[in-house]
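Participant: I would like to see how this sequence folds:
(one chain, ligands or ions: 1)
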Amino acid sequence: MTLSVALRHRFGGFDLDVAFEAGPGVTALFGRSGAGKTTIVNAVAGLLRPDHAQITLDGDRFDTLPVHRRRVGYVFQDARLFPHMTVADNLDYASRYGARARDRPRIIEMLGIGALLDRRPATLSGGEKQRVALGRALLSNPRLLLMDEPLAALDGPRKAEILPYLDRLKAETGVPILYVSHAVDEVARLADHMVLLSGGRVARAGPLFDVMADPAAVPLLGVREAGAVLRARVVDHGEDGLSTLQLAAGPVQLLGVQAPVGAEVRLRVLAQDVLLSLTEPQGLSAQNILPVTIRAIRAGDGPGAAIALDAGGDALLARVTGRAVQRMGLVEGQSLFAVIKATSVAQSAISAAP
Ligand SMILES: Nc1ncnc2c1ncn2[C@@H]1O[C@H](COP(=O)(O)OP(=O)(O)OP(=O)(O)O)[C@@H](O)[C@H]1O
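Facilitator: Reported below is the predicted structural model:
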């Protein structure tokens, strides 16, 4: 399944002009407030008629279809359930055309909402409401799911409660998802592809692992949030609380890893938590020292520079000062060592999603 989107639209002072493709899985639309994310999903859903559009799904023209024929499931920041209906009635309303009624038990089980069926939305927590909203969207038998900041109204614990359901939904349904967010941790955990938007334009787009490790993405993600996402396999849980994970460039030891031995996980390594050393460091408290090669150096607008690194085939990103680049004589192609603190990675998103 490939969704291809080309849109132009003008609202007063805002000018949107984007083109991107979204493959299977989760495609994150990421950008600051006002970048144009909601305008794009509204145009895909058919809630907004853009000035110019060419949207296709698997080659079929989509933007010319009336809203009800697009078969798009839309999950908003606020669940927008019918308040006078029970959860069961809200779900039945979505499946009233029967297309997905046979999948109802599986979807209820997947989202863990079986015990809520007789309740009314006013009695549900924010996380429970969002799970019901996801169920309702799935029961409408969508060809495409649009999620506009579905977790933004939830506090940390409620977000943590719902993220595993999104992992399952992604793994089990196969319905492609366009996922709007300005939370990098959510995107790093869930997305397969990423479209970075800035001022109504696509600034970067591609596989999540590539975009997150792109030095040009640093100003768009924010210097504190920028950092590569890597795949790792859990090798061992030590009795002292430190776990060993295998990366392409070698083993690393991290704290607070919940996933079982053998699991594939994603690690988000913030660029500001990666130190560089010209020689292999000895006598450091940090144990995670990886041999790396500099792929690219990008000077920032301020005193910082983003350094793209190759770590055994994985991409890693480091942020150092421009002064350090000068002092260390860093150049593209140079081999050196990256040092990652065990505690900093553990505080970044670690998920069970491969
Ligand atoms: N109906 C409208 N009329 C006029 N301007 C609009 C309208 N809807 C959106 N805009 C403007 O278009 C721009 C993009 O808005 P949009 O909601 O798509 O951004 P966003 O990236 O989703 O932002 P946020 O993260 O704050 O939701 C903003 O400048 C907004 O003020």
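Participant: residues of the stretch 151-300 of the chain that sit close to the ligand?
Facilitator: Proximity of the stretch 151-300 of the chain to the ligand (Cβ under 6 Å from any ligand atom) is limited to residues residue 182. To be clear about C-beta, it is placed using only N, CA and C from the backbone, and glycine gets the same treatment.
Participant: what residue in the stretch 151-300 of the chain comes nearest to the ligand?
Facilitator: In the stretch 151-300 of the chain, the residue that lies nearest the ligand is residue 182 (5.6 Å; Cβ to the nearest ligand atom).
Participant: contacts only, for that residue.
Facilitator: 30, 31, 32, 33, 37, 149 (Cβ atoms under 8 Å, 6 or more residues apart in numbering).
Participant: and the two most separated of these?
Facilitator: For the contacts of residue 182, the maximum inter-member distance is 13.0 Å, found between 32 and 149 (Cβ to Cβ).
Participant: for those two, indicate the residue with more neighbours.
Facilitator: Each of residue 32 and residue 149 has its neighbours counted (other Cβ atoms under 10 Å); residue 149 has more, 19 against 14.
Participant: now that one. Nearest residue, chain neighbours left out?
Facilitator: Computed as Cβ to Cβ, 6 or more residues apart in numbering, the closest residue to residue 149 that is not its neighbour in sequence is residue 77, at 4.3 Å.
Participant: now name the helix or strand holding the one you found.
Facilitator: Following DSSP states H and E, there is no helix or strand that holds residue 77.
Participant: now it: how far from the ligand?
Facilitator: As judged by Cβ to the nearest ligand atom, to the nearest Å, residue 77 and the ligand stand 9 Å apart.
Participant: run a quick neighbour tally on that residue.
Facilitator: 17.
Participant: ok, now which ones touch it?
Facilitator: Residue 77 neighbours (Cβ under 8 Å, 6+ apart): 148, 149, 150, 152, 153.
Participant: just those now: which is nearest residue 281?
Facilitator: When the contacts of residue 77 are ranked by distance to residue 281 (Cβ to Cβ), residue 152 comes first, at 40.7 Å.
Participant: surely the closest one forms part of a helix?
Facilitator: No. Counting by DSSP: H, G, I helix; E, B strand; the rest coil, residue 152 is not found in a helix; it is coil.
Participant: contacting residues around it?
Facilitator: Taking Cβ under 8 Å, 6+ apart, we find residue 152 in contact with 77, 181, 183.
Participant: the last one: neighbour count?
Facilitator: Read that as residue 183. 16.
Participant: surely it touches residue 151?
Facilitator: Yes. In this structure, residue 183 is within contact of residue 151 by Cβ atoms under 8 Å, at 7.2 Å.
Participant: and the contacts of residue 182 as CSV, adding distance to the ligand?
Facilitator: Below are the contacts of residue 182 laid out as CSV (distance: Cβ to the nearest ligand atom, whole Å):
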residue, distance to the ligand
30, 9
31, 5
32, 7
33, 3
37, 4
149, 7
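Participant: can you list the residues you listed in CSV and add distance to residue 264 and pLDDT?
Facilitator: What follows is the contacts of residue 182, written out as CSV (distance: Cβ to Cβ, whole Å; pLDDT from 0 to 100):
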residue, distance to residue 264, pLDDT
30, 23, 95
31, 29, 92
32, 32, 88
33, 34, 88
37, 29, 94
149, 27, 90
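Participant: so of those residues, which ones are in helices?
Facilitator: residue 37 (DSSP state H).
Participant: from the contacts of residue 182, which is closest to residue 321?
Facilitator: residue 32 (24.8 Å).
Participant: once you drop chain neighbours, what's closest to the closest one?
Facilitator: Excluding the flanking residues, the one nearest residue 32 by Cβ to Cβ, 6+ apart is residue 182, at 6.6 Å.
Participant: phi, psi of the one you found?
Facilitator: For residue 182, the backbone dihedrals (degrees, to the nearest 10) come out as phi -120, psi 20.
Participant: and the strands in the stretch 1-150 of the chain?
Facilitator: For the stretch 1-150 of the chain, the strands defined by DSSP state E, counting those that start in this stretch occupy 3-11, 14-22, 26-31, 52-57, 60-61, 72-75, 144-148.
Participant: which residues touch the shortest one?
Facilitator: Pointing back at strand 60-61 there. The contact list for strand 60-61 (Cβ under 8 Å, 6+ apart) reads 54, 55.
Participant: neighbouring strands of it in the sheet, and parallel or not?
Facilitator: strand 52-57 (antiparallel) (DSSP bridges).
Participant: cool, the last one as well?
Facilitator: Under the criterion DSSP bridges, strand 144-148 sits next to strand 72-75 (parallel), strand 177-181 (parallel) in its sheet.
Participant: alright, that wraps it up for me.
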